[in-house]
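> what's the 3D shape of this:
(chains A, B, C and D)
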Number of protein chains: 2
Amino acid sequence: MARRGSYAKGVAKREEILGVALEVIAQDGYRAASVKEIADAVGLSQAGLLHYFSSKEELFVEILRKRDELDQDSLDGSPAELREGFLRVIRHNVSTPGLVELFSRQAAEAADAEHPAHAFFLLRNAALRESLTSALRRVGNDSDGAIAGVDPDTIARMIQAVADGVQLQWLLDPEVDMTGVVDALLGLLIEKSGHE
Amino acid sequence: MARRGSYAKGVAKREEILGVALEVIAQDGYRAASVKEIADAVGLSQAGLLHYFSSKEELFVEILRKRDELDQDSLDGSPAELREGFLRVIRHNVSTPGLVELFSRQAAEAADAEHPAHAFFLLRNAALRESLTSALRRVGNDSDGAIAGVDPDTIARMIQAVADGVQLQWLLDPEVDMTGVVDALLGLLIEKSGHE
DNA sequence: GTCTATATGCTGATAGAC
DNA sequence: GTCTATCAGCATATAGAC
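The predicted model follows:
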């Protein structure tokens, strides 16, 4: 129990760090996404923080993972709820530009198979596609979830691509209506699946 | 003439550098996208290369601009040709992953309004949307280029988003069929505009 | 115009005391 | 577990010779 106790404290501290990191990056923007800034916000020195994460890159991955975890509630439930939940997540992202920038940068840097975030993004993307295709299969007219002859996996990639791509446009120009663009696509897809 | 001569030589050298940079990054990947690697490929020292570009960031912007310039031929012409040209550009990108990674990274980093690539991406994106909306207006049934009630600007953003977003997926996993996903969206949009 | 050499500056990572 | 101190390292940027 003593061993588990100290282990649990380490886990709790990690969680605390991730929570604070999420807040400070959301509030202060991507500039706050340095080890030192996060350490300051938590009330630790840089070295103190790196006691819990083996590297900056690992820290960033865990931040993104925690963020997904907090968003997960919105992505559970029925197909109709999935659409609304998906849009809710995007709407929420508007209030956290720093996290969106962190995500977008890491997504690009993760191209390298050796990058610490590479496996994370592969898994994350696959899980998201799975949620989407499963919803498509349950709601579509075609039993396999295809829409107008397009297979569900391609549809899922399309939805994810639009969401990720419009983020880049929005980071460049906050006037861009991220939710509107994604919702327009979802609307077109649903109409299409309903009418065929 | 003497002045214009030396000026012209400077321009010519810049162009030469950009051409070589495009080649080396396309061939050797994003790792070749450092000032030193490019300088080596051109046959200059690092300092010699930076004589022509005030900073690394400016160099990168010019590389991306040059790339667009070379792709421009594919994006001229009629609406039908625009679709084919758009897909041709994406197909070509498959052979230049280093450039796609450079583009994606810069697109994310350009979020900061102070970043040298910020203005470039704003202009580039606007020009691309203009090409797309103009094609939509010429080809659509609705005189204003809307599709199923979605305004042409949103459609244009959607198309651009899917192209940028699927690149991230493809960088992560080269098995992903970038062209297929984008073409599927274009197909859905065209059907939709044709049937309504 | 191009080079060599160096400054600069950050920031992530590590060693070792407490 | 946390800190202070320090290293390491690189890649950009600049100065100055040729």
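> the closest residue to residue A:19 other than its chain neighbours: neighbouring residues, count only.
Excluding the flanking residues, the one nearest residue A:19 by Cβ to Cβ, 6 or more residues apart in numbering or on different chains is residue A:66, at 7.4 Å. In this view, the C-beta of every residue, glycine as well, is placed from N, C-alpha and C. For residue A:66, the neighbour count with other Cβ atoms under 10 Å in any protein chain shown is 17.
> contacting residues for residue A:66?
By Cβ atoms under 8 Å, 6 or more residues apart in numbering or on different chains, the contact set of residue A:66 is A:15, A:18, A:19, A:22.
> got phi/psi on residue A:117?
Phi and psi for residue A:117, reported as degrees, to the nearest 10, are phi -90, psi 0.
> tell me how far the spatially closest residue to it that is not a sequence neighbour lies from residue B:92.
Counting by Cβ to Cβ, 6+ apart, residue A:117 lies nearest to residue A:110, which is 4.1 Å off, once chain neighbours are set aside. Distance, residue A:110 to residue B:92, using Cβ to Cβ, to the nearest Å: 23 Å.
> check which helices and strands the lengthiest helix in chain A sits against.
Longest helix in chain A, counting residues (DSSP state H): helix A:2-28. When contacts are defined as 3 or more Cβ pairs under 8 Å, 6 or more residues apart in numbering or on different chains; DSSP states H and E, helix A:2-28 sits against helix A:35-42, helix A:56-71, helix A:97-109.
> can you give me the distance of the residue nearest to the spatial centre of chain A to residue B:94?
The centroid of chain A falls nearest to residue A:68 when counting by Cα atoms, centre = their mean (4.9 Å). Counting by Cβ to Cβ, the separation of residue A:68 from residue B:94 is 29 Å.
> residues touching the residue nearest to the centre of chain A, list them.
Counting by Cβ under 8 Å, 6+ apart, residue A:68 has contacts residue A:124.
> distance from stretch A:32-39 to the middle of the chain?
Centroid separation for stretch A:32-39 versus its chain: 20 Å, with Cα atoms, centre = their mean, to the nearest Å.
> quick check, pLDDT for the residue nearest to residue A:117.
pLDDT, residue A:110: 97.
> neighbours of it, how many?
By the measure other Cβ under 10 Å, the count of residues near residue A:110 is 22.
> wait, it sits on residue A:118?
Yes - with contact defined as Cβ atoms under 8 Å, residue A:110 and residue A:118 form a contacting pair (4.8 Å).
> please identify the helix or strand for residue A:87.
Following DSSP states H and E, one finds residue A:87 within helix A:79-93.
> in that helix, what counts as buried?
Neighbour-count burial for helix A:79-93 flags A:79, A:82, A:83, A:85, A:86, A:87, A:88, A:89, A:90, A:93 (criterion: 16 or more other Cβ atoms under 10 Å in any protein chain shown).
> restrict the residues you listed to contacts with chain B.
Among the buried residues of helix A:79-93, no residue lies close to chain B (Cβ under 8 Å from any Cβ of the partner chain).
> just the pLDDT for the closest residue to residue A:103 other than its chain neighbours.
Nearest non-adjacent residue to residue A:103, counting by Cβ to Cβ, 6+ apart: residue A:64, 6.1 Å away. What the model reports for residue A:64 is a pLDDT of 98.
> also residue A:77?
pLDDT, residue A:77: 88.
> that one should be in a helix, yeah?
No - per DSSP: H, G, I helix; E, B strand; the rest coil, residue A:77 lies outside any helix segment and is coil.
> picking that back up, extract the CA atoms of the helix holding residue A:87 and return them as PDB.
C-alpha atoms of helix A:79-93 as PDB (Å, rounded to 0.1, in the frame of the first residue of the first chain):
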ATOM      1  CA  PRO A  79     -25.700   9.000 -34.000                       C
ATOM      2  CA  ALA A  80     -27.800  12.100 -33.600                       C
ATOM      3  CA  GLU A  81     -26.000  12.900 -30.400                       C
ATOM      4  CA  LEU A  82     -22.700  12.300 -32.100                       C
ATOM      5  CA  ARG A  83     -23.400  15.000 -34.600                       C
ATOM      6  CA  GLU A  84     -24.400  17.400 -31.900                       C
ATOM      7  CA  GLY A  85     -21.500  16.300 -29.700                       C
ATOM      8  CA  PHE A  86     -19.000  16.800 -32.500                       C
ATOM      9  CA  LEU A  87     -20.200  20.300 -33.100                       C
ATOM     10  CA  ARG A  88     -20.100  21.000 -29.400                       C
ATOM     11  CA  VAL A  89     -16.500  20.100 -29.200                       C
ATOM     12  CA  ILE A  90     -15.700  22.400 -32.100                       C
ATOM     13  CA  ARG A  91     -17.700  25.200 -30.500                       C
ATOM     14  CA  HIS A  92     -15.700  24.700 -27.300                       C
ATOM     15  CA  ASN A  93     -12.400  24.800 -29.300                       C
END
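> which residues sit against it?
A:71, A:73-77, A:99-100, A:131-132, A:135-136, A:138-139, A:159, A:163, A:167, A:178-179, A:182-183, A:186, A:190.
> quick one on the thing from earlier: in JSON lines: the buried residues of helix A:79-93, plus distance to DNA strand D.
Listed next are the buried residues of helix A:79-93 as JSON lines, based on distance: Cβ to the nearest atom of the strand, whole Å:
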{"residue": "A:79", "distance to DNA strand D": "43"}
{"residue": "A:82", "distance to DNA strand D": "39"}
{"residue": "A:83", "distance to DNA strand D": "42"}
{"residue": "A:85", "distance to DNA strand D": "35"}
{"residue": "A:86", "distance to DNA strand D": "37"}
{"residue": "A:87", "distance to DNA strand D": "39"}
{"residue": "A:88", "distance to DNA strand D": "35"}
{"residue": "A:89", "distance to DNA strand D": "32"}
{"residue": "A:90", "distance to DNA strand D": "34"}
{"residue": "A:93", "distance to DNA strand D": "31"}
